[in-house]
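Participant: sequence first, predicted model second:
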Amino acid sequence: MSDKTAKWEQILKTKFGFDAFRPGQLEALTALSEEKRVLCILPTGRGKSLLYQFPSLLLPGLTLVISPLLALMRDQVGQLKSRFNIEAAALNSDQELNENEFIRTQAIEGKLKILFISPEQLDHVERFQFIQQLPISLVVIDEAHCISTWGHDFRPSYRQIVTLLKELEPKNPRILGLTATADANCEKDIQQQINAKKVIRESVDRPNLQLSCLKTQTMGEKLTLTEKLLAKTTTLIYCATRENCELVAMHLNQKKIKAVAYHAGLESVEKIAIQKGFLNDDYQAIAATNALGMGIDKPDIRTIIHFDIPGSITAYYQEVGRAGRDHLPSLGILLYDWKDTKIQEYFIQSSQPEKQDFDQVLLTDGLTLTEIKQKTGLHPTRAQLVIAELIEQGFFLKEMKGRSQIYRRQKLSKAPDLSRYDNQMLVKNRELKKMIHYADLQTGCRMKTLRNHLGDTQSSLCTHCDLCKPHNVSYQLTESAAIDAWIQQKPVSIAPMQKAGINEGISLLDGKLRGALFVQFMKERATRETLDPEIFELCKKHLQRDSFAALIPLPSTTWRARLNAATLLADYLKIPLVDMLY
């Protein structure tokens, strides 16, 4: 053992409370010390956070951690302060302006050892300039696969990281890329992007995880199985949509199970409170999108249920890998209904910008991002993606006008190169096919399949998944029909428009869940002349006779029973029918 290794092991024990480095950690730290630019591909639960926490104690100045995961930031800042007495803070959009300003002051004054930021912070001229002036000794790129168009989750904001690295070259900081998942193409691309001198790759095997897949046919079956599969400690239930998160939590609460939904639609205060409750086991179940769980150090999650099929093997491995980080036996269960792939196909299609999106934005000049969104009518996420791409290709320059950032159109004769999005479409469709293949497996080994897809070519049978060792466990699904009926009759809330003086409303049929009654209505709407009796009964169930002064039907050129339905409801409510909208 070298003197340096002995010294490091002493620091590991006294400062972090660990007796030994985990596989790959010492090699990665040594490479970072000697080579300065390193890419580490380590499995979930292998302690990637230590790879920047540890050197932050040895290096002068500041360690900058760039991560897309706000939940990780909150968790890491709390742990660094309370467990290891390392001064850390985060700059992000979930915090108040004065809080972010205080943290900037701390960073400038040298009172922080680790600063977390989201890549979007680099999109803003003044924030980028602020980061440039910090005494940075180490730049950490977490979820580094996001920098690559070969990665399953490419993000244009990550391209600003490459720009930052070039600007920081005079300071010669160390660079560390971290990810749990990168195939050969993605690995090569990341390595080139950050100019990594060495790549550390460890096996992605998780021998303590018992994987299984249960086939389902209805939402009722899924909810029944979810209830039966809950662990005694907190079970994390991943859902593809916010609506499904709310549905799962509502169903479990009706069954007297303490559950909560977590997704990006919640206010920051709510998300922080739920995350704390999650860490403290205040809930038996949390139904969440992938906004929760990634990067959070909760080692004792025993069961993770995927209520919906994820969009890729990579996403599935990362999410199911939140279970059993304490290396004790844990379960990863996928509930698979082949119809759910339509959700992921929609996500793939909607995430891809189109040529006309770029054409619209190229017609603007000297506007703020908000003004560009308003003028083009693009979804905020789509507008940000298009702007980021056009900036990278030189079609726009960012500059400050007063306190606002505007985008100045540059005169270029060429057209934008959109080939990377063609590549992304291929990558995402390929990844979804791999995930469907995993779900459809009848023979083989689930962990071996995951490892093979993730570039772990030396994989062997796990011996305990539902394919290696069939469990022969059957579940009674007698309640599922009643649950499906409940879903059919459960209205969807329509948020109030307070500025317009419009109160909260409801939608009787949930198009996103695509229940049988909704499908039947959509098939018959252009031909049926009378309102379906079952829908009429639903209307009566949710309407109150004394709540309305008049009934005004909205125009429709495709709903043939519109006037019949309006007449029936007006007669039932004993109010006038005013057909005034055309």
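Facilitator: Nice, I can see it. Residues are numbered from 1 along each chain as shown.
Participant: which other helices and strands contact the longest helix along the chain?
Facilitator: Once the chain is assigned using DSSP state H, the helix that runs over the most residues is helix 419-440. Where contact means 3 or more C-beta pairs under 8 Å, 6 or more residues apart in numbering; DSSP states H and E, helix 419-440 is packed against helix 313-320, helix 341-351, helix 446-453. Yep, even glycine has a C-beta here, placed from its N, CA and C like the rest.
Participant: winner for burial among those helices?
Facilitator: With neighbours defined as mean count of other C-beta atoms under 10 Å, these peak in mean count at helix 313-320, which reaches a mean of 24.
Participant: now do the very next helix or strand once past it, average pLDDT.
Facilitator: As assigned by DSSP states H and E, the chain's next helix or strand after helix 313-320 is strand 330-336. pLDDT averaged over strand 330-336 equals 96, rounded to a whole number.
Participant: the inter-axis angle of strand 330-336 versus helix 313-320?
Facilitator: 130 degrees (axes from the mean of the first three to the mean of the last three C-alpha atoms, to 10 degrees).
Participant: picking that back up, buried ones in the longest helix of the chain?
Facilitator: Neighbour counts using 16 or more other C-beta atoms under 10 Å place 421, 424, 427, 428, 431, 432, 434, 435, 438, 439 of helix 419-440 among the buried residues.
Participant: which residues touch it?
Facilitator: Contacts of helix 419-440 from elsewhere in the structure, counted by C-beta atoms under 8 Å, 6 or more residues apart in numbering, are 149-152, 154, 213, 309-314, 316, 334, 336, 338, 341, 344-345, 348, 351-353, 446, 449-450, 453.
Participant: would you mind giving the helices and strands packed on helix 419-440 as a markdown table with mean pLDDT and distance to residue 532 added?
Facilitator: Converted to a markdown table, the helices and strands packed on helix 419-440 look like this (pLDDT from 0 to 100; distance: least, C-beta to C-beta, whole Å):
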| stretch | mean pLDDT | distance to residue 532 |
| --- | --- | --- |
| helix 313-320 | 90 | 39 |
| helix 341-351 | 88 | 24 |
| helix 446-453 | 93 | 43 |
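Participant: what's the closest of the ones you listed to residue 569?
Facilitator: With C-beta to C-beta as the criterion, residue 569 lies closest to helix 341-351 of these, at 32.3 Å.
Participant: quick check: next helix or strand after the closest one?
Facilitator: helix 355-362.
Participant: with just CA atoms, put the helix or strand following that next one into CSV.
Facilitator: As assigned by DSSP H and E, the chain's next helix or strand after helix 355-362 is helix 369-376. Backbone C-alpha positions of helix 369-376 (Å, rounded to 0.1, in the frame of the first residue of the first chain) are rendered in CSV as follows:
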residue,chain,number,x,y,z
LEU,A,369,-37.3,33.7,-23.6
THR,A,370,-40.8,34.5,-22.3
GLU,A,371,-41.5,36.7,-25.3
ILE,A,372,-40.2,34.1,-27.7
LYS,A,373,-42.6,31.5,-26.1
GLN,A,374,-45.5,33.9,-26.4
LYS,A,375,-44.8,34.9,-30.0
THR,A,376,-44.2,31.4,-31.3
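Participant: buried sites along helix 369-376?
Facilitator: In helix 369-376, counting by 16+ other C-beta under 10 Å, buried: 369, 372, 373, 376.
Participant: show me what contacts the third one?
Facilitator: When contacts are counted by C-beta under 8 Å, 6+ apart, residue 373 touches 380, 383.
Participant: for the second one, same thing?
Facilitator: The contact partners of residue 372, taken as C-beta under 8 Å, 6+ apart, are 361, 364, 378, 383, 387, 407.
Participant: tell me how far residue 281 lies from residue 231.
Facilitator: Applying C-beta to C-beta, to the nearest Å, the value for residue 281 to residue 231 is 11 Å.
Participant: between those two, which one's more packed in?
Facilitator: residue 231 (18 against 13; other C-beta atoms under 10 Å).
Participant: list the contacts of the more buried one.
Facilitator: Taking C-beta under 8 Å, 6+ apart as the criterion, residue 231 is in contact with 302, 303, 331.
Participant: by neighbours, which of these wins?
Facilitator: When neighbours are counted as other C-beta under 10 Å, the busiest of the contacts of residue 231 turns out to be residue 303, with 21 neighbours.
Participant: can you give me the helices for the stretch 201-350 of the chain?
Facilitator: Secondary structure of the stretch 201-350 of the chain, counting by DSSP state H, counting those that start in this stretch: helices at 219-229, 242-254, 268-279, 313-320, 341-351.
Participant: which one of the ones you listed lies closest to residue 86?
Facilitator: For the helices of the stretch 201-350 of the chain, distance to residue 86 was read as C-beta to C-beta. The smallest value, 18.9 Å, belongs to helix 268-279.
Participant: any idea how far the closest residue in space to residue 524 that isn't next to it in sequence lies from residue 388?
Facilitator: The shortest distance from residue 524 to any residue other than its chain neighbours is 7.4 Å, reached at residue 532 (C-beta to C-beta, 6 or more residues apart in numbering). Here the distance between residue 532 and residue 388 works out to 47 Å (C-beta to C-beta).
Participant: same thing with residue 39?
Facilitator: Distance check for residue 39 against residue 388: by C-beta to C-beta, it reads 23 Å.
Participant: who has more neighbours, these two?
Facilitator: For residue 39 versus residue 388, neighbours defined as other C-beta under 10 Å are more numerous around residue 39 (27 against 20).
Participant: surely the more buried one and residue 199 touch.
Facilitator: Yes: counting by C-beta atoms under 8 Å, residue 39 touches residue 199, with 4.8 Å between them.
Participant: intersection of neighbour lists for those two?
Facilitator: Common neighbours of residue 39 and residue 199, using C-beta under 8 Å, 6+ apart, are 187, 191.
Participant: now flag whichever of the contacts of residue 372 is closest to residue 267.
Facilitator: Proximity of those to residue 267, judged by C-beta to C-beta, is greatest for residue 383, which lies at 22.9 Å.
Participant: can you point out the helix or strand that includes that closest one?
Facilitator: Secondary structure (DSSP H and E) places residue 383 in helix 380-392.
Participant: dump that helix to PDB, restricted to CA.
Facilitator: The C-alpha atoms that make up helix 380-392 are tabulated as PDB, following Å, rounded to 0.1, in the frame of the first residue of the first chain:
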ATOM      1  CA  PRO A 380     -41.900  26.300 -22.800                       C
ATOM      2  CA  THR A 381     -39.700  23.200 -22.800                       C
ATOM      3  CA  ARG A 382     -39.700  23.000 -26.600                       C
ATOM      4  CA  ALA A 383     -38.900  26.700 -26.900                       C
ATOM      5  CA  GLN A 384     -35.900  26.300 -24.500                       C
ATOM      6  CA  LEU A 385     -34.600  23.300 -26.400                       C
ATOM      7  CA  VAL A 386     -34.800  25.100 -29.700                       C
ATOM      8  CA  ILE A 387     -33.100  28.200 -28.400                       C
ATOM      9  CA  ALA A 388     -30.300  26.200 -26.800                       C
ATOM     10  CA  GLU A 389     -29.700  24.400 -30.100                       C
ATOM     11  CA  LEU A 390     -29.700  27.600 -32.100                       C
ATOM     12  CA  ILE A 391     -27.300  29.300 -29.700                       C
ATOM     13  CA  GLU A 392     -24.900  26.400 -30.000                       C
END
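Participant: packing partners of it?
Facilitator: With contacts defined as 3+ C-beta pairs under 8 Å, 6+ apart, helix 380-392 has these neighbours: helix 159-167, helix 355-362, helix 369-376, strand 396-401.
Participant: now these as JSON lines including distance to residue 129 and mean pLDDT?
Facilitator: Written out in JSON lines, the entries for those read as follows (distance: least, C-beta to C-beta, whole Å; pLDDT from 0 to 100):
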{"stretch": "helix 159-167", "distance to residue 129": "9", "mean pLDDT": "90"}
{"stretch": "helix 355-362", "distance to residue 129": "24", "mean pLDDT": "95"}
{"stretch": "helix 369-376", "distance to residue 129": "18", "mean pLDDT": "93"}
{"stretch": "strand 396-401", "distance to residue 129": "10", "mean pLDDT": "94"}
